[in-house]
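3D model of this:
(6 chains)
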4 protein chains.
Amino acid sequence: MEPSKSGKAEPRWERRKEARPSELVAAAVELFAEKGYAATRLDDVAQRAGVSKGTLYLYFDSKEELFKAVVRTGIVPAIQEAERLVDGFAGSATELVHEIFTGWWRLIGANRLSAIPKIMIAEARNFPEIADFYHDEVMEPGKRMFARAIQRGVDSGEFRPLDVQCAVRVLLAPLVMHAIWQHSLAGCEKNLVDPARYLDTYLDLALKGLQVRR
Amino acid sequence: MEPSKSGKAEPRWERRKEARPSELVAAAVELFAEKGYAATRLDDVAQRAGVSKGTLYLYFDSKEELFKAVVRTGIVPAIQEAERLVDGFAGSATELVHEIFTGWWRLIGANRLSAIPKIMIAEARNFPEIADFYHDEVMEPGKRMFARAIQRGVDSGEFRPLDVQCAVRVLLAPLVMHAIWQHSLAGCEKNLVDPARYLDTYLDLALKGLQVRR
Amino acid sequence: MEPSKSGKAEPRWERRKEARPSELVAAAVELFAEKGYAATRLDDVAQRAGVSKGTLYLYFDSKEELFKAVVRTGIVPAIQEAERLVDGFAGSATELVHEIFTGWWRLIGANRLSAIPKIMIAEARNFPEIADFYHDEVMEPGKRMFARAIQRGVDSGEFRPLDVQCAVRVLLAPLVMHAIWQHSLAGCEKNLVDPARYLDTYLDLALKGLQVRR
Amino acid sequence: MEPSKSGKAEPRWERRKEARPSELVAAAVELFAEKGYAATRLDDVAQRAGVSKGTLYLYFDSKEELFKAVVRTGIVPAIQEAERLVDGFAGSATELVHEIFTGWWRLIGANRLSAIPKIMIAEARNFPEIADFYHDEVMEPGKRMFARAIQRGVDSGEFRPLDVQCAVRVLLAPLVMHAIWQHSLAGCEKNLVDPARYLDTYLDLALKGLQVRR
DNA sequence: TATGAATGAGGATTCATTCAT
DNA sequence: TATGAATGAATCCTCATTCAT
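Numbers count the residues shown, from 1 in each chain, chains lettered A, B, ... in the order given. Down below sits the predicted model:
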């Protein structure tokens, strides 16, 4: 790796203007999720991204801007993907609900983005502006999308009639809770549950709760 | 200023060795819930409790000890109360689940203690020791208690057989999520749901999900 | 810990709530005059005042507020004193001008306050707000006062008629320049002039320049 | 834009090895005068000169060297010009003094170079080396030159005998003060004086102060 | 006990300077 | 030559903690 004899010294740093922002955001997601906003030091973010503290300031004006970028750039693509998913769906309401649950799991719950809900919950009060953004751009679309799926089932006679607004919140809670869990108390747990079993049980309970009894 | 002849002179401000700690903890619960641990200033905690910063240090050795006291003294009485509730219950499994849900709502979800879950989620990683305490003393007992209620239903034929460990987690999520909500993003929400309707819908979905179909 | 012999250990610090602000301002006057605003470190100000950096912040919200306090509290008393001086003067215009020059010398030019004009000149552009204050509260009153003295002389026939507004500026320049000098280039000068001779020559030239020729 | 067939291809941006330094110095004069040394960012200097920060370092080793160049290259030509002016003068002492005042006004007071005295006053303490240079190369020659003019008047009987060293300082103060003014508090002034009237009044007062009474 | 002035370590931010391109 | 991305030392400011009163 280091051709110490070839005469070419290892350069002290490289120019990577394009890659830096996303690397910094990725490092910041992890640290904000782990420690919270206030307890995260920019020194650590920079170090984890492999740059110096000064470099971070070339790309983000302040810690607050970095935080906003984390939420914004972290979640928007996932939401768009989810909207495409639902809009193009053609099966039954039951199948759609199934698809939404497993899709959320795949896109968010099982990867780095699952940290965002925990970050938002912990810091919403300190960042009303970004909380509003999150509410408007993430939660409202998410709830609307899921409400449409349930309403479709009620209309088709698959699901029992119920208070859709409340049902949406109740039914999404186990998904969100699971994500939050991974980034907070999961480390304490001795007998961890298998995610697949958790998802199965969740689908079973939710659909049985929704469906009309034949 | 005051007639000193009444025997015992009225002190300007009373010594309240006993009341101080709980007043400080109460002030701290609110501020930790609102701002998070790191962003909460002890100056503010003291001020909200109506004492000086120095006084706070007479009762708690450090900010960390205050935090631990918040979690410990905040949640333990509620857990004990809940355990009494369940242990002495004599009705059907359905009625017991119903009682647990509404009891949690009454004891925790609807008052100041609902802040504790949010605090723990936000700070678990920074305080493994107190997170362990919370897990062992709050979550495990809670899940065990609820698991017993479900198992009783399965045994009696009221509920379908299912993975009880997973079901417990799924079914408690909407309760916990609701509490967390109140202390984070609720302020952004335009069309708030009525808590009573939320609880009703939740009970309806959960029980229908659990029960065998006749 | 070890009460060497007097039995009373040296306390680590004292409470001096009253004295601190003026001590800090005094230290700051010197350093701002010496190094300029930006190059003055608050650490040094605090150290010169014999306190820690944190203590400085108990009394001044920011470096900028400290700077404002330096100008405001440094100069206002001197101006008030000067106004009293002129208002109560009963002699001839020549004597009044003489009195103003020597008074300025005594009150400002020869002591610590002579640093303020240099500070203002160096930093006016960076602190428009405090520059306005200085202009309105120090320079305008000063010029007005001096203009009245000259006008009195013109009216009484002691002085030649001239453009009073311009004359005021011209005649005050050597006084102000001398003060500025002390805090800037005086250190370079090999053959320093005697202040008393400078003042005498100045009075001689100024009065001869003003007076009508008999 | 230009026909490239003309033999020599026009470079996108021309190498201007010779013009760069003076363009950078010109930009630096303005910014040092406006903000002071410490508060001036090299980024801004480079930008105002239309180059990048890196380019600045091709011509000046450090901020300090740039500062020195500002003083040195800014003022030396003016001094040389002034010396030529005085050395070749043939009229009376009164006419010479008149010529020096108006010459200074023309060469320095009314253009960009008038910023140098303010810069030196503000930064002399931080740059003893450059202050010495300024003292030796600018102030001493200036005072010597002016002293010779006054001495010539005293010798010829035009001027009263007086302390020439002090008189020089007193008489130059209004000129220097005016220049300093333009670069500091002039922005605060509501009723600005006309420079021409100021100069006239100054000449009138100074010469009347100097001349013997016939 | 209670207070709040004083402390100082810690972290965000700036910017002169370097150096890969 | 010229650029501007990258660096890191320097400095403002905060706040948990101590301690004289």
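
which single residue of chain A ends up nearest DNA strand F?
A:G54 (2.0 Å; C-beta to the nearest atom of the strand). Where you see a C-beta, it was placed from the backbone N, CA and C, and this is true even at glycine.

just say helix, strand or coil for that residue.
Following DSSP: H, G, I helix; E, B strand; the rest coil, we place A:G54 in the helix state.

just the pLDDT at it, thanks.
For A:G54, the model assigns a pLDDT of 97.

buried sites along stretch A:100-120?
Neighbour counts over stretch A:100-120 (16 or more other C-beta atoms under 10 Å in any protein chain shown) mark A:100-101, A:103-105, A:107-109, A:113-120 as buried.

got the end-to-end distance for it?
22 Å (C-alpha to C-alpha, to the nearest Å).

swap in stretch A:49-61?
17 Å.

how about the residues of chain A near DNA strand F?
Proximity of chain A to DNA strand F (C-beta under 7 Å from any atom of the strand) is limited to residues A:12-17, A:20, A:51-55, A:57-58.

can you say which of the residues you listed are buried?
Buried among these (16+ other C-beta under 10 Å): A:R20, A:V51.

okay, and which of the residues of chain A next to DNA strand F map to helices?
Cross-referencing the residues of chain A next to DNA strand F against helices under DSSP state H gives A:R20, A:K53, A:G54, A:T55, A:Y57, A:L58.

against A:V51, how distant is A:L24?
7 Å (C-beta to C-beta, to the nearest Å).

quick one on the thing from earlier: ok, and which of the ones in helices among the residues of chain A next to DNA strand F reach DNA strand E?
Filtering those for proximity to DNA strand E by C-beta under 7 Å from any atom of the strand leaves A:K53, A:G54, A:Y57.

what about whichever residue of chain A sits closest to chain C, distance to A:T55?
With C-beta to the nearest C-beta as the measure, A:S62 is the residue of chain A nearest to chain C, at 17.7 Å. Using C-beta to C-beta, A:S62 is found at 14 Å from A:T55.

in contact with A:T201, which residues?
B:L162, B:D163, B:C166, B:A167, B:V170 (C-beta atoms under 8 Å, 6 or more residues apart in numbering or on different chains).

in space, what's closest to A:H178 - neighbours in sequence excluded?
A:G109 (6.1 Å; C-beta to C-beta, 6 or more residues apart in numbering or on different chains).

same question for A:P128.
Nearest to A:P128 is B:G187, by C-beta to C-beta, 6+ apart, at 7.1 Å.

how many other residues sit next to A:D200?
A:D200 has 14 neighbours, counted by other C-beta atoms under 10 Å in any protein chain shown.

buried ones in the one helix or strand it maps to?
Assigned by DSSP states H and E, A:D200 belongs to helix A:195-210. Neighbour counts over helix A:195-210 (16+ other C-beta under 10 Å) mark A:Y198, A:L199, A:T201, A:Y202, A:L203, A:D204, A:L205, A:A206, A:L207, A:K208, A:G209, A:L210 as buried.

check contacts around the spatially closest residue to the second one that is not a sequence neighbour.
Once flanking residues are discounted, A:L199 sits nearest to A:W105: 5.9 Å by C-beta to C-beta, 6+ apart. Listed by C-beta under 8 Å, 6+ apart, the contact set of A:W105 reads A:L175, A:P195, A:L199.

got it, and A:Y198?
Going by C-beta under 8 Å, 6+ apart, A:Y198 touches A:H178, B:C166, B:R169, B:V170.

so which of those wins on neighbours?
B:V170 (27 neighbours).

ok, that residue to A:F60 distance?
From B:V170 to A:F60 the distance is 39 Å (C-beta to C-beta).

so A:A167 sits right up against B:L205, yeah?
Yes: counting by C-beta atoms under 8 Å, A:A167 touches B:L205, with 6.4 Å between them.

can you list residues touching both of these two?
With C-beta under 8 Å, 6+ apart, A:A167 and B:L205 have common neighbours A:L210.

what's the weakest-modelled helix or strand in chain A?
Lowest on mean pLDDT, DSSP states H and E among the helices and strands of chain A sits helix A:63-87, with a mean of 87.

helices or strands next to that one in the packing?
Packing partners of helix A:63-87 (3 or more C-beta pairs under 8 Å, 6 or more residues apart in numbering or on different chains; DSSP states H and E): helix A:20-35, helix A:42-48, helix A:93-104, helix A:115-123, helix A:128-134, helix A:140-156.

assign a three-state SS to A:L175, would you?
helix.

so what's it closest to, chain neighbours aside?
Closest to A:L175 by C-beta to C-beta, 6+ apart is A:W104, at 5.5 Å.

ok, that neighbour touching A:L85?
No: A:W104 lies out of contact with A:L85 (C-beta under 8 Å); the separation is 9.4 Å.

neighbours of A:R160, just the number please.
Using other C-beta under 10 Å, the number of residues around A:R160 comes to 16.

identify the residues contacting it.
A:V154, A:L210, A:Q211, A:V212, B:K208.

OK, contacts around the last one?
This points to B:K208. A:R160, A:K208, A:G209, A:L210.

would TSV of these with pLDDT be doable?
Below are the contacts of B:K208 laid out as TSV (pLDDT from 0 to 100):
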residue	pLDDT
A:R160	96
A:K208	95
A:G209	95
A:L210	93
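
quick check, nearest of these to DNA strand E?
A:G209 (44.7 Å).

for A:S156, grab the count of nearby residues.
11.

how much space between the closest residue to it other than its chain neighbours and chain B?
Spatial nearest neighbour of A:S156, excluding adjacent residues (C-beta to C-beta, 6+ apart): A:A93 at 5.9 Å. Using C-beta to the nearest C-beta, to the nearest Å, we find A:A93 at a distance of 15 Å from chain B.

what's the distance between A:A93 and DNA strand E?
47 Å (C-beta to the nearest atom of the strand, to the nearest Å).

thinking that residue is in contact with A:F146, fair?
No: look at A:A93 against A:F146 with C-beta under 8 Å: they stay out of range, at 11.2 Å.

how many neighbours does the closest residue to A:R72 other than its chain neighbours have?
In this structure, A:R72 finds its nearest non-sequential neighbour in A:F133, 6.9 Å apart by C-beta to C-beta, 6+ apart. Other residues within reach of A:F133, judged by other C-beta under 10 Å, total 18.

so where's chain A uncertain?
Where chain A drops to pLDDT under 70, the residues are A:1-9, A:214.

ok, the least confident helix or strand of chain A near DNA strand E or not?
Yes: Helix A:63-87 reaches DNA strand E (C-beta under 7 Å from any atom of the strand) through A:K63, A:E64.

thinking again about what came up before, as TSV, the contacts of A:Y198 with secondary structure would be great.
Formatted as TSV, these follow (three-state DSSP):
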residue	secondary structure
A:H178	helix
B:C166	helix
B:R169	helix
B:V170	helix
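
where does stretch A:59-72 sit relative to the chain's centre, distance-wise?
17 Å (C-alpha atoms, centre = their mean, to the nearest Å).

other residues contacting it?
Under C-beta under 8 Å, 6+ apart, the answer for stretch A:59-72 is A:20-21, A:24-25, A:28-29, A:32, A:37, A:42, A:45, A:56, A:116, A:119-120, A:123, A:127, A:129-130, A:133-134.

quick one: the residue nearest to A:V86 when sequence neighbours are not counted and B:I79, what's the gap?
Nearest non-adjacent residue to A:V86, counting by C-beta to C-beta, 6+ apart: A:M145, 5.1 Å away. According to C-beta to C-beta, A:M145 stands 37 Å off from B:I79.

how about A:E95?
From A:E95 over to B:I79 (counting by C-beta to C-beta), the distance is 41 Å.

neighbour count winner among those two?
Taking neighbours as other C-beta under 10 Å, A:E95 and B:I79 compare with B:I79 leading, 17 against 14.

can you pull the contacts of the more buried one?
With C-beta under 8 Å, 6+ apart, B:I79 has these contacts: B:E137, B:V138, B:P141, B:G142.

how far away is it from B:F101?
16 Å.

coming back round to it: just give me how far the least confident helix or strand of chain A sits from the chain centre.
That offset, for helix A:63-87, works out to 8 Å (C-alpha atoms, centre = their mean).
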